[in-house]
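**Student:** structure, please.
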Amino acid sequence: MTSKKKQPTAISHSTSADLDRLKGCCHRDPHTFLGAHASKEAILTRIFRPEAIAVSVFPKAGGPALKAHSSSGSGLFEATSEDPTAKGPYRVEVTYESGKTFQYWDPYSFWPTLGDMDLYLLARGTIKSSTKRWGLMSWNTRE
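**Tutor:** Here you go, the predicted model:
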């Protein structure tokens, strides 16, 4: 008896508001939307490349490339995988209408950018020269 393989359900939390914020470069936390996100059934990887016609995801751990799909034509591509290693660092291959293709390591695959220890040390004020280290600027909010 052959059983039909169950397709993973998309973990899509995408909303038009998220896309509008991404397009306007004012999304407060793009890591919550872009990159790889796991559920019990699958890993959904989102890549935002507005001018791309094709996007593929190559997991660092190996395995087959994942073809990403864009249903809305908005530049948001989603790839789904049942392989838990697909969440780790991955390369993205992007193809444009001109036929040019390039690959890069997706910065959203290295989440979180700042870990709990970094945030703790920043709040405590024990990281020396954090303004030079991360390009932070201090703001005076009092008039």
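**Student:** tell me which helix or strand in the protein has the weakest average pLDDT.
**Tutor:** Every helix and strand of the chain was ranked by mean pLDDT, DSSP states H and E. The lowest is helix 130-134, at a mean of 57.
**Student:** helix or strand: which one has Leu22?
**Tutor:** Assessed by DSSP states H and E, Leu22 sits inside helix 16-23.
**Student:** after that helix, which helix or strand is next?
**Tutor:** strand 35-38.
**Student:** next secondary structure after that following strand?
**Tutor:** Strand 35-38 is succeeded, C-terminally, by strand 43-48 (DSSP H and E).
**Student:** which strands and helices sit next to that following strand?
**Tutor:** strand 35-38, strand 52-59, strand 66-68, strand 76-81, strand 90-96 (3 or more CB pairs under 8 Å, 6 or more residues apart in numbering; DSSP states H and E). The C-beta positions use only the backbone N, C-alpha and C, and glycine is treated the same way.
**Student:** who does the residue nearest to the spatial centre of the chain bridge with?
**Tutor:** The residue lying closest to the centre of the chain (CA atoms, centre = their mean) is Gly35, at 1.8 Å. Beta-bridge partners for Gly35, by DSSP bridges, are Arg46.
**Student:** which ones are touching it?
**Tutor:** Gly35 is in contact with 45-46, 106, 108-109, 111, counting by CB atoms under 8 Å, 6 or more residues apart in numbering.
**Student:** let me know the closest of those to Asp18.
**Tutor:** Arg46 (9.5 Å; CB to CB).
**Student:** quick one, what contacts the closest one?
**Tutor:** 14, 33-35, 37, 76-78, 108.
**Student:** number of residues surrounding the nearest residue to Ala38 once chain neighbours are set aside?
**Tutor:** Excluding the flanking residues, the one nearest Ala38 by CB to CB, 6 or more residues apart in numbering is Lys87, at 5.6 Å. By the measure other CB atoms under 10 Å, the count of residues near Lys87 is 19.
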